[in-house]
Every structure is written in C-alpha cells, then in structure tokens.
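J.: Provided below for reference: sequence and predicted model.
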Amino acid sequence: MALLLGLNACQDSHTQTGQPRTVRVIQPQSLSGQEVKSFSGIVQEAHEVSLGFKTAGQIESILVQEGDFVRKGQLLASLDDSDYLLGVEAAQIQYDQLQDEVGRLRKLYESKSVSGNDYQKALAGLEQLGIQLRVNQKKVDYTRLYAPADGYIQSVNFSPSEMVDAGTPLFNLIDMSGMQVLVNIPVDMYNLQDRIDRISCHFLYMPENMDLEMASITPKADNNQLYRMMLTIPDAQGLPLTAGMSVDVDIVLNRPASSALTLPVHCLLQEQDKVYVFILDKEQRVRKTAVSVDHVDDHGQAIVTSGLTPEAQVVSAGVRSIRDGQQVRIQPKVSETNVGGLL
C-alpha cells in the first residue's frame, strides 16, 4: 500500500511540475430545428375476423381460397337456400290471405257490421305475419356471406356440401383496413414522446415515406427495457402490405425551444449521478463544470440544456486523464493542406 501511495505521489508530482498536458478543445454547437430517430417496425393486422353465416345450412359454394385478397362487400360463400325460399313463399301466401281478410273486415267495421275488437285482432295478426315474412326473407339473405372489410383470407375451415351451424367460423380474415406497425422503443425515446412531430415509414417495395399515426405506447417496459409503440396506417388500402413485413420507421422530433447546445458524447465525464465537462479558462486551466444533458441523439451528440455557453472551449479528448484546475496546452489544429501533419 505504501509503495502504491509513493508511486501515486511521484505521478502527481510529475504532473504538477512537468509540461502542461496537451488537449484538444471544441466549441458546442447551437441546437435548432428537428432530429430524426429511426427504428425497425413490424406490420401487424389490427385484428383478425372470424366469418360465419348468420343461419345454419348446407354449404353450396365457396368462392375464395386461402391467401386470396378480397374486397369489402365481395361474396365469399353461399348456403343452399331452397328451404328458406319455401319458408318465404309459405309466409307470403299466409300474409296475402290475411291481408285480403283484413280488407274485408275493414269494410264491415266501417259499416258497423263487426266489432272494433275483432278488426284490431285481424290487424295485429297481419302485422305479426308481416314480421314473420321479413324474418324468412332475412334468412334467405343470410345464406350469402360477404367480406366485411378488405383483407386476406387466412384460412378456409369447411368445404362445399358440409353442414354448418349459425356463427360457425367458415373463414378467418386478416382485416387490412386497420393495419398497424409495432415498434419497440428504448426508454430515452419513451421520454421524448411529447416532442414527436410526425412519424413515417418506408419499406423495400415502397421507398417513398408513408405517414403513420401513433395509437398507443405501453406505460410499462418489457424484460428488455423496451416500450411497445403501436402506429396506425391511415390508408392501408391498395398498399402492398402484409402482416409480418418489416418496415423502417422514422420519428421526427422537435428540438427543445431553448438555448440547448450539442457536444460529442466523448466530451462528457459522468461521476455518480452527475455529468461534467472540462472548460478551458483564460489562464489555460481546465475547470470541471457540471452540465445537464437531456439525451444523446442517434449521431452520438449529447443535448446539453444547461451549464454551457456557445463560446465555451470544451476539452474533447482525454477527459479522464486531467483534473480540475490543471494547466493544459491546446493542441494546434492541423491545416487541411498539411496532410498527415508533415509540415
């Protein structure tokens, strides 16, 4: 231990009496405009829809296959409707007969040859038959299954001639009208969400940017300390997008409207919970100065919000080998025409 202390003392003595250490200095740059952060995203369907008939019956035809792209309102399948058509025909006959009877009773009621109670009962019966007729007509309509939205048929679960119950899923449809993009963002991006100006994405088959809208960000990080950001595609129809496709997402951030400055991250010295830089004073000594850093951008630039002035000369290399108050010498800049510093 004594030997180590002696060595440290010798080193300190040498540092104090030796030549000033040579350092490089830079000036912080003003911060303005916007910055862009880029992430990888995955296209997901907003939801998967199970499609089935609203009535039971025997499948007559299936008009699509797995993987087919379908449009909203497109006919997908149909049931044998012969029994339902007979039901409509029978109800129509009963309705027509009772309608004639009600017309006859109306004349008798107007001539006071029949009581009002009998006439009202006939009207109620006619209304009930009318409802039954419409129900049977609806059942005929329900033997046709149409796509509720644009999307891809993910699976076909039955074949023609098979019997299905009402509500049994015949198809699984990936709804393309509400495609989303999932992005996992780190905590520094999560803390900057209030500065988001716009979000866009592009992919291999569509190099031009496509605007996205932020739907949600989970308030809790996962095991990898990432937050799930869900982005919606306002108009996904007609785009060559499929679930599972990778896209590049660009998030444009508004920079703070303050006197924030930027420095390369290697200028910073972190000790415990504070961040420092070494600033050169008029006496060619370095002064250890505390600064506040908002975040570090994708280009390795620290966004400093306090503790610096634009005129400050900040040590840009060797911050761990100097100490507060130490005398230093500025390394001269190499001329652009003096390649390799040979002159």
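T.: Okay, I see it. None of these values were measured; they are calculated from a predicted model. Residues are numbered from 1 along each chain as shown.
J.: what helix or strand is the residue most central in space within the chain on?
T.: Residue closest to the average C-alpha location in the chain (C-alpha atoms, centre = their mean): Leu231, at 1.8 Å. Applying DSSP states H and E as the criterion places Leu231 in strand 227-232.
J.: what do you get for Gln97?
T.: helix 82-110.
J.: check Tyr276 too.
T.: strand 274-280.
J.: can you list contacts of that strand?
T.: 23, 25, 263, 267-270, 286-293, 307-308, 312-315, 319, 322, 324, 328, 330 (C-beta atoms under 8 Å, 6 or more residues apart in numbering). The C-beta positions use only the backbone N, C-alpha and C, and glycine is treated the same way.
J.: pLDDT weak spots in the stretch 1-150 of the chain?
T.: 1-18, 32-33, 46 (pLDDT under 70).
J.: what are the buried residues along the helix holding Gln97?
T.: Tyr84, Gly87, Val88, Ala91, Tyr95, Leu98, Val102, Leu105, Tyr109 (16 or more other C-beta atoms under 10 Å).
J.: before we move on, the earlier item: which element follows the strand holding Tyr276 toward the C-terminus?
T.: Defined by DSSP H and E, the subsequent element after strand 274-280 is strand 286-296.
J.: for the stretch 201-343 of the chain, just list every one of the strands.
T.: Taking DSSP state E, counting those that start in this stretch as the criterion, the stretch 201-343 of the chain carries its strands at 206-217, 227-232, 246-254, 261-264, 269-271, 274-280, 286-296, 301-306, 314-315, 328-330.
J.: what helices and strands are in contact with the shortest one?
T.: Okay, so that is strand 314-315. strand 25-26, strand 274-280 (3 or more C-beta pairs under 8 Å, 6 or more residues apart in numbering; DSSP states H and E).
J.: and of those strands, who's closest to Leu133?
T.: Closest approach to Leu133 among the helices and strands packed on strand 314-315 (C-beta to C-beta): strand 274-280, 79.9 Å.
J.: now do the closest one: distance to the chain's middle.
T.: Counting by C-alpha atoms, centre = their mean, to the nearest Å, strand 274-280 is centred 39 Å from the centre of its parent chain.
J.: tell me which other helices or strands the helix holding Gln97 touches.
T.: By 3+ C-beta pairs under 8 Å, 6+ apart, helix 82-110 packs against helix 116-141.
J.: list the contacts of the helix or strand following the helix it packs on.
T.: Per DSSP H and E, the first helix or strand lying C-terminal to helix 116-141 is strand 144-146. Residues outside strand 144-146 that contact it (C-beta under 8 Å, 6+ apart) are Leu51, Gly52, Phe53, Gly73, Gln74, Leu75, Leu76, Ala77, Ser78, Leu79, Leu170, Phe171.
J.: buried ones in strand 144-146?
T.: Buried-residue list, strand 144-146, by 16+ other C-beta under 10 Å: Leu145.
J.: stretch 146-162 too?
T.: So stretch 146-162, judged by 16+ other C-beta under 10 Å, has buried residues Ala147, Ala149, Asp150, Gly151, Tyr152, Ile153, Gln154, Val156, Phe158.
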